[in-house]
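Peer 1: Please find the sequence and the predicted model below.
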Amino acid sequence: MNTKKALPVLFAVMFLVMVGFGIIIPVLPFYAEKMGASPTELGLLMAVYSLMQLLFAPMWGRISDRIGRKPVLMIGIFGLAISFFLMAISSQLWMLFAARIIGGLLSSANMPTVMAYVADITSDEDRGKGMGIIGASVGLGFILGPAIGGIFSKTSLSMPFLIAGFSSLLTFILVMLILKESLSPEHRGERTTKRVPIRQTLSGPISILYFLQLFISLSLAGLEATFAYFAAAKAGLGTIELGYLFMIMGLAGAIVQGGLVGILTKKFGDGFVIQIGIVVSAIGFGLILLVDNFTTAAVFLTIFGIGNGVIRPSVSALLTKTSKTGYGSTTGLLSSVDSLGRIIGPPLGGWLFSLAVGMPYISGMILSVIAFFLYQVYKSMSKKTEPASS
């Protein structure tokens, strides 16, 4: 399957996966509360999913390097379907926890495998474009999913889980029938045939890029966790306005990822786009401190979303070009780093918000400056060891 045919299929796959994932977001807190979950238990229910992603994404990435992308992707999507159906029939809180653990464990295969697939089928020149298209599909799925979940939750609280389950099954069938394997038998295990210790993977200049992505993920998760309270305190915005704001930010990010990332990385290189993205993100964090009504919130949040949106695809592209391990191992570790940021970011953002309402965004600026500095360190180190890699 060539790039022109495979990328639209991968776009559809990740879009459907994220729609299914997003459908349950607005209803899960109320569903868990109905089964007697306390706020702390609800927090744990959310965190356990990310914890499974943190632990198992690297494993699935390595497995996809050995046996191919398609079977691993099918396992991930089928696991997601099982977890949604288990949640739909859950009647006690422990059943929800079990479903979330199973879902997190198996679905952690999806993102690293899709990114590795993109790396398999794209040239170095077009890698950023491919990663950007996947980023756009994730963003659009996240926008549509919660809206669908909110609508169908009026029928019953378990209905969104059933719809998410059937959506995942549909995606599974799509992958099974249409998607071709990208990794030929002779290329499986080509770069590595055994497990590479994380310590070894994180040695050399490439480790800097993982830490850079961790800071970006931390700052984004902190913003997502606190912006609703911030916008309410500074501009009196309610849930409906916030829904529109995040939809506008997501759309802007998706458009930039789907179109601009490919053009910019092809013309200026991944490193340039990473640096520009970090600078625009930092400016966005600073502008958010000035929010005083819906319009300023929409404009400033969109500026942040555009900057943040170009970083992840460009980091993914650069990592897969420079890593000595298999693409799956590389993207698996990157997904794990993202999950770590999403586990630490929300409580850290909440704690900073309790100190002062603007602290999460001031911290976001500081983290962006650190990320920018880290890229300069990476560039300097890679010039000494491998001049062509940056």
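Peer 2: Right, received. Where do you want to start? Everything numeric here is computed off the predicted structure, so don't read it as measured data.
Peer 1: number of nearby residues for Ala12?
Peer 2: By other CB atoms under 10 Å, 16 other residues sit near Ala12. For glycine as for every other residue, the C-beta is placed from the backbone atoms N, C-alpha and C.
Peer 1: secondary structure class for it?
Peer 2: Here Ala12 is recorded as helix under DSSP: H, G, I helix; E, B strand; the rest coil.
Peer 1: so what's it up against?
Peer 2: Ser137, Leu174 (CB atoms under 8 Å, 6 or more residues apart in numbering).
Peer 1: Same check on Leu264?
Peer 2: Gly128, Phe272, Val273, Ile276, Val310.
Peer 1: likewise Thr302?
Peer 2: Ile248, Met249, Ala252 are the contacts of Thr302 under CB under 8 Å, 6+ apart.
Peer 1: got a list of what Ala254 touches?
Peer 2: Gly135, Ala136, Ser137, Gly139, Leu140, Ile143, Gly309.
Peer 1: could I get the residues you listed as JSON lines with secondary structure and neighbour count?
Peer 2: Listed next are these as JSON lines, based on DSSP: H, G, I helix; E, B strand; the rest coil; neighbours: other CB atoms under 10 Å:
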{"residue": "Gly135", "secondary structure": "helix", "neighbour count": "25"}
{"residue": "Ala136", "secondary structure": "helix", "neighbour count": "25"}
{"residue": "Ser137", "secondary structure": "helix", "neighbour count": "26"}
{"residue": "Gly139", "secondary structure": "helix", "neighbour count": "24"}
{"residue": "Leu140", "secondary structure": "helix", "neighbour count": "23"}
{"residue": "Ile143", "secondary structure": "helix", "neighbour count": "21"}
{"residue": "Gly309", "secondary structure": "helix", "neighbour count": "28"}
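Peer 1: where do the helices sit along the stretch 201-350 of the chain?
Peer 2: If you assign secondary structure with DSSP state H, counting those that start in this stretch, the helices in the stretch 201-350 of the chain sit at 206-235, 239-255, 261-268, 270-288, 294-322, 327-355.
Peer 1: Relative to Lys34, tell me which of these wins on proximity.
Peer 2: Ranking the helices of the stretch 201-350 of the chain by their distance to Lys34 (criterion: CB to CB) puts helix 239-255 first, at 19.8 Å.
Peer 1: Would you mind getting the angle between that closest one and helix 270-288?
Peer 2: 160 degrees (axes from the mean of the first three to the mean of the last three CA atoms, to 10 degrees).
Peer 1: If we go by neighbour counts, what in helix 239-255 is buried?
Peer 2: Of the residues in helix 239-255, 241-243, 245-255 count as buried by neighbour count, 16 or more other CB atoms under 10 Å.
Peer 1: Can you tell me how far Met176 is from Leu93?
Peer 2: 34 Å (CB to CB, to the nearest Å).
Peer 1: Check Gly150 too.
Peer 2: 23 Å.
Peer 1: These two: which has the busier surroundings?
Peer 2: Per other CB under 10 Å, whichever of Gly150 and Leu93 has more neighbours is Leu93, with 18 against 15.
Peer 1: pretty sure the more buried one is touching Glu41, no?
Peer 2: Yes: between Leu93 and Glu41 there is a contact at 6.7 Å, judged by CB atoms under 8 Å.
Peer 1: any weak-confidence spans in the stretch 51-200 of the chain?
Peer 2: 187, 189-200 (pLDDT under 70).
Peer 1: re earlier: closest to Val17 out of the helices of the stretch 201-350 of the chain?
Peer 2: Nearest of the helices of the stretch 201-350 of the chain (CB to CB): helix 327-355, 13.2 Å.
Peer 1: which parts of the helix or strand that the closest one is followed by are buried?
Peer 2: Using DSSP states H and E, the helix or strand that follows helix 327-355 towards the C-terminus is helix 359-385. Within helix 359-385, the residues scored as buried using 16+ other CB under 10 Å are 359-361, 363-365, 367-368, 371-372, 374-375, 378-379, 381-382.
Peer 1: Quick one: mean pLDDT over helix 359-385.
Peer 2: Mean pLDDT, helix 359-385: 92.
Peer 1: now for that helix, which elements pack on it?
Peer 2: Secondary-structure packing of helix 359-385 (3 or more CB pairs under 8 Å, 6 or more residues apart in numbering; DSSP states H and E): helix 206-235, helix 270-288, helix 327-355.
Peer 1: Could you check how far Ile151 is from Pro29?
Peer 2: 17 Å.
Peer 1: Identify the residue nearest the residue nearest in space to the middle of the chain in space, chain neighbours excluded?
Peer 2: Central residue of the chain (CA atoms, centre = their mean): Asp338, 6.8 Å from the mean position. Distances taken as CB to CB, 6 or more residues apart in numbering place Ser217 nearest to Asp338, at 4.9 Å, with adjacent residues excluded.
Peer 1: same question, Thr330
Peer 2: Ser323 (4.1 Å).
Peer 1: where does that neighbour fall, phi/psi-wise?
Peer 2: phi -70, psi 140 (degrees, to the nearest 10).
Peer 1: Now the terminal residues of stretch 35-42, how far apart.
Peer 2: End-to-end distance of stretch 35-42: 11 Å, with CA to CA, to the nearest Å as the criterion.
Peer 1: Tell me how far that stretch lies from the chain's centre.
Peer 2: Remark: stretch 35-42 is offset 26 Å from the chain centroid, using CA atoms, centre = their mean, to the nearest Å.
Peer 1: How about residues contacting it?
Peer 2: Contacts for stretch 35-42 (CB under 8 Å, 6+ apart): Pro29, Ala32, Glu33, Leu45, Ser90, Ser91, Gln92, Leu93, Leu96.
Peer 1: Go through the helices of the stretch 201-350 of the chain and name the closest to Met52.
Peer 2: Short answer: helix 327-355, nearest of those by CB to CB, at 8.5 Å.
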